[in-house]
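Chemist: Provide a 3D model corresponding to the input given below.
(chains A and B)
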2 protein chains.
Amino acid sequence: MTGQPLPGFRDFFPPEHAALRVIFQAWREASRCSGFTEYEGPELESLELYTEKSGEEIVGQLYHFQDKGEREVALRPEMTPTLARMVASQHRNYRKPIKWFSIPRLFRYERPQKGRHREHYQWNCDMVGEKSVMAEAELIGTLCLGLSLLGLSAKDVVVKVSDRSWWDSFLEKEGVGEAERPGVLRALDRMEGATPEQRREKLGGLAPAVEAVWQGRSEDSEAVQGVHRGVKGLGYGDWCETDYRVVRGLAYYTGVVFEVHDRAGKLRAVAGGGRYDGLLKRLGGEDLPAVGFGMGDAVLAELLREKGMSTPSAGGAEIFVVAESAQQEMAWDVVGQLRRSGFSTDYDPGAGKWGKQLEMAEAKGARWALLVGREVGEGKLGVKELATRKQSEIRWRMDAAGKICLEPTPGEWAKVLGS
Amino acid sequence: MTGQPLPGFRDFFPPEHAALRVIFQAWREASRCSGFTEYEGPELESLELYTEKSGEEIVGQLYHFQDKGEREVALRPEMTPTLARMVASQHRNYRKPIKWFSIPRLFRYERPQKGRHREHYQWNCDMVGEKSVMAEAELIGTLCLGLSLLGLSAKDVVVKVSDRSWWDSFLEKEGVGEAERPGVLRALDRMEGATPEQRREKLGGLAPAVEAVWQGRSEDSEAVQGVHRGVKGLGYGDWCETDYRVVRGLAYYTGVVFEVHDRAGKLRAVAGGGRYDGLLKRLGGEDLPAVGFGMGDAVLAELLREKGMSTPSAGGAEIFVVAESAQQEMAWDVVGQLRRSGFSTDYDPGAGKWGKQLEMAEAKGARWALLVGREVGEGKLGVKELATRKQSEIRWRMDAAGKICLEPTPGEWAKVLGS
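Modeler: As a prediction, this is how the structure comes out:
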């Protein structure tokens, strides 16, 4: 056994997991405040859910196989098809617009590189059943709230807003037939970082008109104007810019699309989304308009690291009970009762010597050592703040129900010790 | 598209997801209080992590395939091999005993039935590096705390404690060679619900001795006594019983094993675990003693349903802002600011008529409607508690920073309306 995970997969040891939890908490809190409710689906789905209707680029990166029941199955590469399937089966039970979010784990077989693994977590928010561009504004406002809960601001990131319908009209005007347009949009999607020469080479006759777009010389479409107005109304006007260079590769987008990038432009997109009005019907469901976004954990974590955002310690318990061997049973009782009262409490299960227990308390990062020593019979215990070495005596007594009461309670120790 | 997930897989719509979150929160809180820290690993691992070292029964139920890089890979059927791999690679960085927990999603291809799916979530707690039976007691105490946070008590469930070493001595005494013992233990593991006749048939000469065990006529081993003493010390003595009929099928257990069952005995095991001292070394790591348990979400949810435990609503936002069309921008501003202040807030993005917005507020289950009407220019808004129809006027003003302040604040509305 190598000790290593598969290439492109990640082990989350306690410090990495603590950083991940901070991100999840911000995502959940922003979703809750914005009126989205959580759902989850299977990580394994029928292969056809992806092959028949999704964009080409995803299918080539699928983890798929035949299960023991000879079904063609795939690990989900994105959440939208599952959402579409679920909405199709139960949307009649929910008042529109449906506002749902999820934090699925997704899988793609692609070359692992910075900020891109073969699995990642992705915050997905979707609004189904709303035609107005306030749906787009809602989603952008929600993702801005999520990022701001992590300490990021409009100085750190920008939401680039674009419009696939605008591109459609543009390409029509330029004489590109409807059938060719998805291919052109995919080509445009891959032009980030390309030189004007490379663009000219790829686009031929289209190049001059596209170059004007690349230089930012285009007027906002009505939809994009509406999005800006709504996002400004919700308080995030300074986070947003129009940028038609954003086209989003996926074939199913139909209207406004957007991406979140770091202002410095050093990283891959932090999030991306848009309107996909036709997809639910195409997947065999009702003809419901829909808007959604996805934000992965990997690029976001990179950005947070770059900005020097601190993550909480992955430390163990707050209170560590240190006991003389004769007081072991009393110590267990105290441990059990502290835990039931909601205090994170630990001790040495090996019941080592007093000094070794104290040393373990420090090594494990506890804040307090609760000392159960000889004077326990006189109703006394000791409390020591390990970092400051401040120490105080506290009292314990058994109440009528046989429950050990500490005076002062752990919540008051900081005050008593003047910490 | 069928609209259905694959057989044995589950869609978690908002109400089911809310029930799942309650379980996760109890698991996390019990882990935290007991001094366990969270980790996570990949859901896809090298096939050999399971085929070479785990129990036979798991391997036959694996979801495995060859990835695009021609690696033999498998969806994880259990967390212990991943834990062993991770501990082997980093245990030197952590003070022993290592106390880690995780809530992985696991996959097994088996016939779906009540309380058993092809994927489930499983609370895993493990303690690595501790020889004393207080490790077992710690784990049992932690799972009892988790169950009690969900409203269950010793009246609802029982922790059955057994000992694989005890069985080893028993089988040795009965003349069963070491090589045959794993097979006998697996057979014993499958005897739940078997009649004495069936046991006789399967066990031949061993039957009379085993029958005595099945009747409960065995003395507690020293390890089992120690576990009972520790669990009692931690306050869960009445949750535990010795029951040697519990043997746990997995080949890697070496000492005390335990299972949690509903007292009525109607369901599958709620949780199971034990000591697996040899496994880490066998997986190529250090020779560290270890104890762990796993508790799945499915049987637990069934038990909670049976006991009539209520789950929270999966409702949307608490405050729904209703606005006259002329006040739309003011309404967006209020929505954005309430959300940034941590209040779950929603509105009608389609900006329907007043009555339709109010009706949507009710349909979406909001508690409060915040009414932004004609009198907003005079510094006035309305607040309506939708369930009671109680209504009151409140004031708003803009502070120096351009932030809208509500007086009283949403936190005070219940008091103002006498709710």
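Chemist: Could I get the full set of strands for the stretch 51-200 of chain A?
Modeler: Secondary structure of the stretch 51-200 of chain A by DSSP state E, counting those that start in this stretch: the strands cover A:64-66, A:72-75, A:98-102, A:105-107, A:119-128, A:157-163.
Chemist: just so I know, which of these lies nearest chain B?
Modeler: Closest to chain B of the strands of the stretch 51-200 of chain A, according to CB to the nearest CB: strand A:64-66, at 3.3 Å. Bear in mind the C-beta positions are built from the backbone N, C-alpha and C, glycine included.
Chemist: Listing partners with orientation, what would you give for the closest one?
Modeler: strand A:72-75 (antiparallel) (DSSP bridges).
Chemist: picking that back up, want to throw the strands of the stretch 51-200 of chain A into CSV with mean neighbour count and mean pLDDT?
Modeler: Below are the strands of the stretch 51-200 of chain A laid out as CSV (neighbours: other CB atoms under 10 Å in any protein chain shown; pLDDT from 0 to 100):
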stretch, mean neighbour count, mean pLDDT
strand A:64-66, 16, 95
strand A:72-75, 20, 96
strand A:98-102, 25, 97
strand A:105-107, 20, 97
strand A:119-128, 23, 98
strand A:157-163, 25, 97
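Chemist: Now tabulate those in a markdown table and tack on distance to A:Glu318.
Modeler: Output for the strands of the stretch 51-200 of chain A, formatted as a markdown table (distance: least, CB to CB, whole Å):
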| stretch | distance to A:Glu318 |
| --- | --- |
| strand A:64-66 | 46 |
| strand A:72-75 | 39 |
| strand A:98-102 | 31 |
| strand A:105-107 | 30 |
| strand A:119-128 | 28 |
| strand A:157-163 | 35 |
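Chemist: quick one, which of these is nearest to B:Glu172?
Modeler: Proximity to B:Glu172 (CB to CB) singles out strand A:64-66 among these, at 44.2 Å.
Chemist: Contacts for that closest one, please.
Modeler: Contact with strand A:64-66 is made by A:Leu47, A:Glu72, A:Val73, A:Ala74, A:Leu75, B:Tyr63, B:Phe65, B:Gln66, as judged by CB atoms under 8 Å, 6 or more residues apart in numbering or on different chains.
Chemist: Out of those, flag the one nearest to B:Val158.
Modeler: Of those, the one sitting nearest to B:Val158 (CB to CB) turns out to be B:Tyr63, at 32.9 Å.
Chemist: Near the closest one, how many other residues are there?
Modeler: Using other CB atoms under 10 Å in any protein chain shown, B:Tyr63 has 21 neighbouring residues.
Chemist: list the contacts for it?
Modeler: So B:Tyr63 contacts A:Leu44, A:Phe65, A:Asp67, A:Lys68, B:Ala74, B:Leu75, B:Pro77, B:Phe107, B:Arg108, B:Tyr109 (CB under 8 Å, 6+ apart).
Chemist: For it, give me the pLDDT.
Modeler: In this model, B:Tyr63 is scored at 96, pLDDT.
Chemist: rewinding a little: okay, the contacts of B:Tyr63 in CSV with distance to B:Val128 next?
Modeler: Output for the contacts of B:Tyr63, formatted as CSV (distance: CB to CB, whole Å):
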residue, distance to B:Val128
A:Leu44, 31
A:Phe65, 33
A:Asp67, 34
A:Lys68, 33
B:Ala74, 23
B:Leu75, 24
B:Pro77, 21
B:Phe107, 24
B:Arg108, 25
B:Tyr109, 29
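Chemist: and A:Gly146, how many neighbours does it have?
Modeler: A:Gly146: 25 neighbours (other CB under 10 Å).
Chemist: wouldn't it be in contact with A:Gln25 here?
Modeler: No - using CB atoms under 8 Å, A:Gly146 is not in contact with A:Gln25; the gap is 10.1 Å.
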